[in-house]
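Peer 1: Sequence first, then the predicted structure:
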Amino acid sequence: MALDKMEDLSLQETVTRAETDEVEGVTLTKAICSTWDQVWNFRARPDDLLIATYAKAGTTWTQEIVDMIQHNADIQKCRRTSTYKRHPFIEWFLPKSAPQSYSGLELAEAMPSPRTLKTHLPVQLVPPSFWEQNCKIIYMARNAKDSLVSYYHFHRMNNIMPDPGTWEEFVEKFMAGKVLWGSWYDHVKGWWKAKDKNRILYLFYEDMKENPKHEIQKIMKFLEKDVEKEVLSQILHHTTFEKMKENPMANYTKDFEGIMDHSVSPFMRKGVVGDWKNYFTVAQNEKFDEDYKKKMSDTSLVFRTEL
Ligand code: A3P
């Protein structure tokens, strides 16, 4: 057997799907729970920018846009390293024994200011120093059904995520909020409420899809950054789904080899609004909508599930 094949095999053998535990009722990986005190005591700096999302809401997209704005659309600078190293994912932790270790905390601590950081934490679990330092936060939200579909495929292709089970089982887990980073419903509602009292720019994936120029301009305003017309065009061009899909520093093909299997489902999968229609049965959709109405009855937050 060729050596590279053998290495590939041995790597796959050591990849195990994450076990989960909870912090204040929110499902997280056991590895994150084991470092929770350090996450909670994370020392934010006043000029930190935090990009917060529920998983699969378009985090990587937002990160690329922000990086492009911060670097005046200098593509080389934005390709300095992959997304998850450019912007430390603060709570994410893979121990040294893992095939690819990662400590968002260590990465962040070693990074000079100004830092851009990423989190999937629900608002109540965000380390208090972010509020004490009055950091700017960009929150990107995506409708529940497309988030669910994207999350299901991500579990399938990422062999360190918990086993998603069947599609039917995953839909149930998602509705019960028993997936990693907890309930989608509580997440989007919690951050929606927090935006009224904090420096949070709350964005929607669907708006970004519909009118990226407008949404990118909102981000620029929030970051107090003005760029030339041509630079804005460059940002728009470079952050399309098609461009990001072929960008090895954004599409996760250069990292997590043997962990993420893009042949099962690529990280840059479809990048559209409304793909849920290809997955939900009529009965599933009715049940989901009924449950959704109840869970979202106490918020003014409205999502679009199609454009
Ligand atoms: P799909 O699985 O629906 O395709 P995250 O970065 O939060 O993990 O989100 C990943 C989702 O965002 C994936 O959704 C991915 O395809 C989509 N995405 C990434 N870059 C995008 C872009 N430039 N435009 C639209 N969607 C994008």
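Peer 2: The structure has been received and is ready for your questions.

Peer 1: near the ligand, which residues of the stretch 151-300 of the chain?
Peer 2: Proximity of the stretch 151-300 of the chain to the ligand is confined to H153, T239, T240, F241, M244, M268, R269, K270, G271, D275 under the rule C-beta under 6 Å from any ligand atom. C-beta coordinates here come from the backbone N, C-alpha and C atoms, glycine included.

Peer 1: For the residues you listed, pick the one with the most neighbours.
Peer 2: Within those, T239 tops the neighbour count with 26 neighbours, counted by other C-beta atoms under 10 Å.

Peer 1: Let me know the distance separating that residue from N211.
Peer 2: 13 Å (C-beta to C-beta, to the nearest Å).

Peer 1: Am I right that E64 sits in a strand?
Peer 2: No: read with DSSP: H, G, I helix; E, B strand; the rest coil, E64 is helix and lies in no strand.

Peer 1: Tell me how many other residues surround it.
Peer 2: A total of 23 residues lie near E64 under the criterion other C-beta under 10 Å.

Peer 1: With the one 10 residues further on instead?
Peer 2: Other residues near D74 come to 14 when the count uses other C-beta under 10 Å.

Peer 1: so what pLDDT did it get?
Peer 2: Note on D74: pLDDT of 97.

Peer 1: And it, how far from K209?
Peer 2: In terms of C-beta to C-beta, D74 sits 25 Å off from K209.

Peer 1: go on, L107?
Peer 2: The value you get for L107 to K209, if C-beta to C-beta is used, is 30 Å.

Peer 1: cool, A57 as well?
Peer 2: Distance from A57 to K209, by C-beta to C-beta: 12 Å.

Peer 1: neighbour count winner among the two?
Peer 2: Comparing A57 with K209 by neighbour count (other C-beta under 10 Å), the higher total belongs to A57, at 26 against 19.

Peer 1: Can you tell me the closest non-neighbouring residue to the more buried one?
Peer 2: The shortest distance from A57 to any non-neighbouring residue, by C-beta to C-beta, 6 or more residues apart in numbering, is to R142 (4.0 Å).

Peer 1: What of T62?
Peer 2: Nearest to T62 is M140, by C-beta to C-beta, 6+ apart, at 4.7 Å.

Peer 1: does that neighbour sit in a helix or strand, and which one?
Peer 2: Element membership for M140, per DSSP states H and E: strand 136-141.

Peer 1: Now do the helix or strand following that strand against strand 136-141, angle only.
Peer 2: On the C-terminal side of strand 136-141, the nearest following helix or strand under DSSP H and E is helix 144-157. Angle, helix 144-157 to strand 136-141, by axes from the mean of the first three to the mean of the last three C-alpha atoms, to 10 degrees: 90 degrees.

Peer 1: Quick check: which helices or strands does helix 144-157 pack against?
Peer 2: helix 167-176, helix 184-194, helix 282-295 (3 or more C-beta pairs under 8 Å, 6 or more residues apart in numbering; DSSP states H and E).

Peer 1: Apply 7 Å and report the result again.
Peer 2: On a contact count with 3 or more C-beta pairs under 7 Å, 6 or more residues apart in numbering; DSSP states H and E, helix 144-157 meets helix 167-176.

Peer 1: buried set for the helix it packs on?
Peer 2: W167, F170, V171, K173, F174, M175 (16 or more other C-beta atoms under 10 Å).

Peer 1: In a markdown table, list the residues you listed along with pLDDT and distance to C135.
Peer 2: Below are the buried residues of helix 167-176 laid out as a markdown table (pLDDT from 0 to 100; distance: C-beta to C-beta, whole Å):
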| residue | pLDDT | distance to C135 |
| --- | --- | --- |
| W167 | 98 | 38 |
| F170 | 98 | 33 |
| V171 | 98 | 35 |
| K173 | 98 | 32 |
| F174 | 98 | 29 |
| M175 | 98 | 32 |
